[in-house]
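Student: the following comprises the amino acid sequence and a computationally predicted model.
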Amino acid sequence: MKEKLKAKRADITTLGVDGIVNAANHTLLGGGGVDGAIHRAAGRELLEECKGLGGCQTGMAKITKGYSLKAKYVIHTVGPIWKGGGSGEASLLKQCYTSVLNLAYQYNLKSLAFPAISTGIYGYPKKEATFLAVETVFGFLINHNYQILEGITFCCFDDETLELYQNKILSL
Ligand code: AR6
């Protein structure tokens, strides 16, 4: 299972995987950061589909098509805003990864790429978020015997994040 996980420095909108994950907000109607990049690359049709979804709660996930992206699907999740760590942020972030993986499993996606959810505009500390992401995804693959995935890419936007992910994956 460990060999199914990899970290890569990239713009997630360029990846030719079955599904990419969006770090969205409650409205699912776009925003800054990776959310803005995904909406720009996918095109107007993504926004139109998102308008019909009725938003999304923190920790939950919803799936749409990928439209002009190389990826077939986008799984939108809403991470917690970091408020110091005492407001259930860790369990909500864990829930994001689990909600996304449940949908990926249901849709039989063979490859999936995650951005570092909540670690940009939402301010979650990068190291803690990395540990939680890698442990949650690894635990899910083992518990669900999710063999069918070609692999999961942790898509990192900067070198600091890439190094954190690479080291954490190596430590599994
Ligand atoms: N590809 C991969 N990773 C990216 C990209 C990209 N194109 N662009 C940014 N990142 P953020 P959040 C990284 O802020 O913290 C939006 O306005 C970025 O460096 O995108 O969950 C939403 O609408 C960081 O490591 O998401 C919400 O309002 C990671 O993606 C809010 O931001 C997440 O940063 C969500 O904030």
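Tutor: Everything's here; your move.

Student: all helices of the protein, in order?
Tutor: According to DSSP state H, the chain carries its helices in the segments 33-42, 44-51, 89-106, 126-143, 159-170.

Student: stretch 22-32 close to the ligand?
Tutor: Yes. Contact between stretch 22-32 and the ligand is present through Ala23, Ala24, Asn25, Gly31, Gly32 (criterion: CB under 6 Å from any ligand atom). Yep, even glycine has a C-beta here, placed from its N, CA and C like the rest.

Student: so which of these wins on neighbours?
Tutor: Scoring those on neighbours with other CB atoms under 10 Å, the highest-scoring entry is Ala24 at 27 neighbours.

Student: give the contact list for that one.
Tutor: Contacts were defined as CB atoms under 8 Å, 6 or more residues apart in numbering; by that measure Ala24 touches Gly31, Asp35, Cys56, His76, Thr77, Val78.

Student: would a markdown table of the residues of stretch 22-32 next to the ligand with pLDDT be doable?
Tutor: A markdown table is the format used below for those (pLDDT from 0 to 100):
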| residue | pLDDT |
| --- | --- |
| Ala23 | 99 |
| Ala24 | 98 |
| Asn25 | 98 |
| Gly31 | 97 |
| Gly32 | 98 |
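
Student: name the residues of the chain found near the ligand, please.
Tutor: Within the chain, the residues that sit near the ligand (CB under 6 Å from any ligand atom) are 11-13, 23-25, 31-35, 37, 79, 115-122, 155, 157-158, 161.

Student: how does it look with 5 Å?
Tutor: Neighbours of the ligand within the chain, by CB under 5 Å from any ligand atom: 11-12, 23, 25, 31-35, 37, 79, 115-116, 118-122, 155, 157.

Student: circling back: so which of the helices of the chain gets nearest Gly19?
Tutor: Across these, the minimum distance to Gly19, taken as CB to CB, is reached by helix 89-106, at 5.8 Å.

Student: got a list of what the spatially closest residue to Thr58 that is not a sequence neighbour touches?
Tutor: Spatial nearest neighbour of Thr58, chain neighbours left out: Val78 (4.9 Å); criterion: CB to CB, 6 or more residues apart in numbering. Residues counted as contacts of Val78 (CB under 8 Å, 6+ apart) are Ala23, Ala24, Asn25, His26, Cys56, Gln57, Thr58, Gly59, Met60, Cys96.

Student: widest-spaced pair of those?
Tutor: Greatest spacing in the contacts of Val78, by CB to CB: Ala23 and Gln57 (14.5 Å).

Student: quick check: the nearest residue to Asn25 once chain neighbours are set aside vs Gln166, distance?
Tutor: The spatially closest residue to Asn25, leaving aside those adjacent along the chain, is Gly31, at 5.1 Å (CB to CB, 6+ apart). The span separating Gly31 from Gln166 equals 28 Å under the rule CB to CB, to the nearest Å.

Student: thanks again, I'm all set now.
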